[in-house]
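Undergrad: How does the following fold in three dimensions:
(chains A and B)
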Amino acid sequence: MSLYEIGRLCLKIAGRDAGRKCVVVDILDNTFVIVDGDVRRKRVNLKHLEPLNEMLKLKEGASHEEVKKAFEKLGLSVWTTNPKKVGERPHRKRKSQQKAAREAKPKRKEKSAAQAVEGKEQKKSPAKTEKKKKE
Amino acid sequence: MPRGMYRSRTLRRVFVKTPGGRTVMRYHRRKPSKAICANCKKVLIGVPREIPSKMQNMPKSSKRPERPYGGIYCSACTRQILRLKARAEVVGGAQ
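TA: Take a look at the predicted model:
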């Protein structure tokens, strides 16, 4: 038990973080400690740890930032996560929203759209007149 | 008499009940043997027993445990190996 004092550098042996180095940050009881460093900060059974030679100077319950500084002195990396931001994924817009976006487009495209509308009207108008004539 | 390729037992036979009520014999490819630990020969947990074509389409994380030596050594042997390696380093550092 005395091996696993606060600041003891350990190797994690079991689980997803196996093969990564960590530091004892807090001692809960005879079997469990809290661990941080190149692993996820979590409660760990001593059976899942292998003590190493080095000791780091850390306070009881040291924060992740403090552990990070101590690890960087030794030249070790620290477990980092970059969670996805909410709403990062492009969502499909509703048709009404799409229309609004189309209207907000630059002038050049508006012109072409206007021309197309005119062309349609031109085509339609002779047909209408023919129909009227038939009537 | 079935075709020649169906007369050998390379393909396993599966009896399937059709919607009409008949039982029909189908031929299926056999699954490969279970994955075992390279050290203690125990059957590995977390490694699916599927034909290679199905394994190809599976994500990597569902094909083996996500730890060093995952899918090769069992968890107990992995612990032993990591422990021995760490101890060798510690002894080397002391000298």
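Undergrad: CA atoms for contacts and neighbours, from now on please.
TA: OK.
Undergrad: What helix or strand is B:Met5 located in?
TA: In this structure, B:Met5 sits in helix B:4-7 according to DSSP states H and E.
Undergrad: The helix or strand encompassing B:Ala86: which residues count as buried?
TA: Assigned by DSSP H and E, B:Ala86 belongs to helix B:75-94. Buried residues in helix B:75-94, counted by 16 or more other CA atoms under 10 Å in any protein chain shown: B:75, B:77-79, B:81-83, B:86-87.
Undergrad: before we move on, what about stretch A:16-29?
TA: For stretch A:16-29, a neighbour-count test (16+ other CA under 10 Å) marks A:17-27 as buried.
Undergrad: packing partners for the lowest-mean-pLDDT helix or strand in chain B?
TA: Using mean pLDDT, DSSP states H and E, the weakest-scoring helix or strand in chain B turns out to be helix B:75-94, at a mean of 85. Contact here means 3 or more CA pairs under 8 Å, 6 or more residues apart in numbering or on different chains; DSSP states H and E; on that basis helix B:75-94 packs against strand A:49-55.
Undergrad: And chain B, is the strand it packs on touching that?
TA: Yes - for strand A:49-55, a contact with chain B is found by CA under 8 Å from any CA of the partner chain, at A:50, A:52-53.
Undergrad: Of the buried residues of stretch A:16-29, which belong to helices?
TA: Judged by DSSP state H, helices contain none of the buried residues of stretch A:16-29.
Undergrad: Return the subset of those lying in strands.
TA: Here DSSP state E is the test, and the buried residues of stretch A:16-29 give A:21-27 as lying in strands.
Undergrad: Let me know the closest of the residues you listed to chain B.
TA: Of all those, chain B sits closest to A:Lys21, with 10.3 Å by CA to the nearest CA.
Undergrad: pLDDT value on the closest residue to that closest one other than its chain neighbours, please?
TA: Residue nearest to A:Lys21 in three dimensions, not counting chain neighbours: A:Leu11, with 4.5 Å by CA to CA, 6 or more residues apart in numbering or on different chains. pLDDT, A:Leu11: 94.
Undergrad: Just to check, A:Leu11 is in contact with A:Val35?
TA: No - using CA atoms under 8 Å, A:Leu11 is not in contact with A:Val35, being 10.5 Å away.
Undergrad: Quick check: neighbours shared by those two?
TA: Contact criterion CA atoms under 8 Å, 6 or more residues apart in numbering or on different chains; residues shared by A:Leu11 and A:Val35: A:Cys22.
Undergrad: sec struct for A:Lys68, please.
TA: helix (DSSP: H, G, I helix; E, B strand; the rest coil).
Undergrad: wait, doesn't it sit right on A:Val39?
TA: No - applying CA under 8 Å as the test, A:Lys68 and A:Val39 come out as separate, 11.4 Å apart.
Undergrad: what are the ranges of the strands in chain B?
TA: For chain B, the strands defined by DSSP E cover B:11-17, B:23-29.
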